[in-house]
Each structure stands twice: as structure tokens, then as C-alpha cells.
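Asks: can you look at this prediction? I've put the sequence above it.
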Amino acid sequence: MVQAVRLPRQGTATAPALMLVQIASLQAGSAVAKEAYASIGPSALAGMRLFFSAVILWLLVRPSLRRVTAVQWRAVILLGLVFAAMNVAYFQAISRLPIGVAATVELLGPLALSIALSRRLEHLAVALLALAGVLLLAGPGACCPPPGWYWEAPPPCAGPGMWS
């Protein structure tokens, strides 16, 4: 069994900053990728994204591969496969849908988990407010009715299921 690591509270401002950088990076990369679809397919772009992410992570962390146990290797490989499937699903989705709609649909899995696992009323309220925003995208007269998510672009629907 893997023990959870308790981090000191002193660096709590770092996590939100890193999250904002990740969100900006994802959206900027998606916008660049959408323009490259004429010459490179969505699955190839997802592979390139994963490759460059792995290289950057390796350069930043420089892990000692000899210290990694078999259990850790299995966990890393499974996590890598999930990331690969999510990236392929997302890039296939943005090849068929507007980026904003695809990004919103992709976040339905974490949103569902945040609603199900919320322990404080404030957290539940914020998650339900985010859900209301998603429902506005799918309401009558909206830009993308829910059947479009499933019939026009099945891959984005795979993303939420991978989080649960």
C-alpha cells in the first residue's frame, strides 16, 4: 500500500499558481493544435503532446530510474495509459467541436467527483455552480446540445469516465 505524503502548509500558494499555469498551457496548446489539424491528425498531436510533456517532466525532476520499484512502475504505466487515452479523446473532440465545449465536457468527470466527494457546503455550492454553467451550454438554444456530444464527437464523452 502506498502511503500519502503530507506536504507542509507553507507552500499552499504554489498549488493554485501551478494549476493556473496548467490550465493556460492546456488551452494554448489546444488552440495551436487545432490549427495544425490540416497537416497532422489529432491522435498524432496527442502523442506529440505526451512525448514533450514526458521530456519536460524528466528534465525538471530527473528521477533515478534504478530506485523505482515494480509496483511504482505499474502505477506509472497505468497512469500514462490513462493520460494517453484522455489526450487522444480530447484532441479527437476538439477536431469536431469548439475548444470551449470540448474543454467543458472534458471536465465533467472531475466536476462529478467534486460534487460527490464535497464535504463542505461551500465546495458543493461552487461545484453545483460550475455544473449550472455546463448545463447552460446544453440548454435549449445553446451552442451544443447534449446529443451532439455523443453523436458528433463520442471521444469527449470518454474523458469524464476516466476520472471516476
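Replies: Yep, it's here.
Asks: mind listing what residue 111 touches?
Replies: 127, 130, 131, 134 (CB atoms under 8 Å, 6 or more residues apart in numbering). The way it works is simple: take the backbone N, C-alpha and C, and place the C-beta from them, glycine included.
Asks: ok now the one helix or strand it maps to, how far from the chain's centre?
Replies: Element membership of residue 111, judged by DSSP states H and E, is helix 108-117. From the chain centre to the centre of helix 108-117 is a distance of 13 Å (CA atoms, centre = their mean, to the nearest Å).
Asks: return the set of buried residues in it.
Replies: By neighbour count on 16 or more other CB atoms under 10 Å, the buried set for helix 108-117 is 108, 109, 111, 112, 114.
Asks: moving C-terminal of that helix, what's the next helix or strand?
Replies: Helix 108-117 is succeeded, C-terminally, by helix 121-138 (DSSP H and E).
Asks: circling back to that earlier point, what angle do the helix holding residue 111 and helix 121-138 make?
Replies: Helix 108-117 and helix 121-138 are oriented at 150 degrees to each other (axes from the mean of the first three to the mean of the last three CA atoms, to 10 degrees).
Asks: from residue 73, how far out is the residue of the chain positioned farthest from its centre?
Replies: What lies farthest from the middle of the chain is residue 66; by CA atoms, centre = their mean that is 29.6 Å. The gap separating residue 66 from residue 73 is 12 Å, by CB to CB, to the nearest Å.
Asks: just to revisit the earlier point, which of the contacts of residue 111 are buried?
Replies: For the contacts of residue 111, buried by 16+ other CB under 10 Å: 127, 130.
Asks: with respect to pLDDT, which of the contacts of residue 111 ranks lowest?
Replies: Across the set of those, residue 134 stands lowest in pLDDT, at 75.
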